[in-house]
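*Asks:* Predicted structure and sequence below. I'll ask about it afterward.
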Amino acid sequence: MLLEIDLGTDSPLYLQIAAAIRQAVAAERLVPGDHLPAGRALAGSLGVNLDTVQRAYRLLADEGLVVSRVGRGTQIARPVDRDRVALDGLVDELVNRAAAIGVSRAELASMVQTATSAGRPPAPLSPPRPS
């Protein structure tokens, strides 16, 4: 499994790992039942601490995206709502980009609130499908 993280960014590594796994699920490179690498193996291949990988796996488990079982490892849960996973990935990307340009969480929350307030229709996520 190929994950890319950026050690030079301010974005926490565990969030980058979780986002990369979400993206792999959304792109169907990982499907329900697929096993994720053991924490030690992934930590070694990425050059990060085991605790960092375990924190990412716990976050994904809390979201219901993965299931971890002692002796069986961590695997993609069934069923997977790909639209929700893709949206989670977009939110992660938005938060990371905002942090990279110095937008605080409070400012970002205000921007999202403004964008979703009454009177402003949401922008379409994709072009309308022909009927």
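*Replies:* The structure has been received and is ready for your questions.
*Asks:* Hmm, Ile5 is touching Leu46, no?
*Replies:* Yes. With contacts defined as Cβ atoms under 8 Å, Ile5 counts as touching Leu46 at a distance of 5.9 Å. Where you see a C-beta, it was placed from the backbone N, CA and C, and this is true even at glycine.
*Asks:* what is in contact with these two at once?
*Replies:* When contacts are counted by Cβ atoms under 8 Å, 6 or more residues apart in numbering, the set common to Ile5 and Leu46 consists of Leu13, Ile17.
*Asks:* mind checking how far the spatially most central residue of the chain is from Gln113?
*Replies:* Taking Cα atoms, centre = their mean, the centroid of the chain lies closest to Ala19, which sits 2.6 Å from it. Between Ala19 and Gln113 the distance, using Cβ to Cβ, to the nearest Å, works out to 23 Å.
*Asks:* Gly102 now?
*Replies:* 19 Å.
*Asks:* Touching, Thr52 and Ile17? I think so.
*Replies:* Yes. Thr52 is within contact range of Ile17, at 7.0 Å (criterion: Cβ under 8 Å).
*Asks:* In this protein, where is pLDDT below threshold?
*Replies:* Scanning the chain for pLDDT under 70 picks out 1, 80, 118-131.
*Asks:* where along it do the helices fall?
*Replies:* When secondary structure is read from DSSP state H, the chain shows helices at 13-26, 39-46, 50-63, 82-100, 105-116.
*Asks:* Of these, which stretch is the most buried?
*Replies:* With neighbours defined by mean count of other Cβ atoms under 10 Å, none of the helices of the chain is more surrounded on average than helix 13-26, at a mean of 22.
*Asks:* what does that helix contact?
*Replies:* Contacts made with helix 13-26 from outside it, assessed by Cβ under 8 Å, 6+ apart, are listed as 1, 3-7, 9, 30-31, 36, 42, 46, 48, 52-53, 55-56, 59-60, 65-66, 76, 80, 82, 85-86, 88-89, 92-93, 96.
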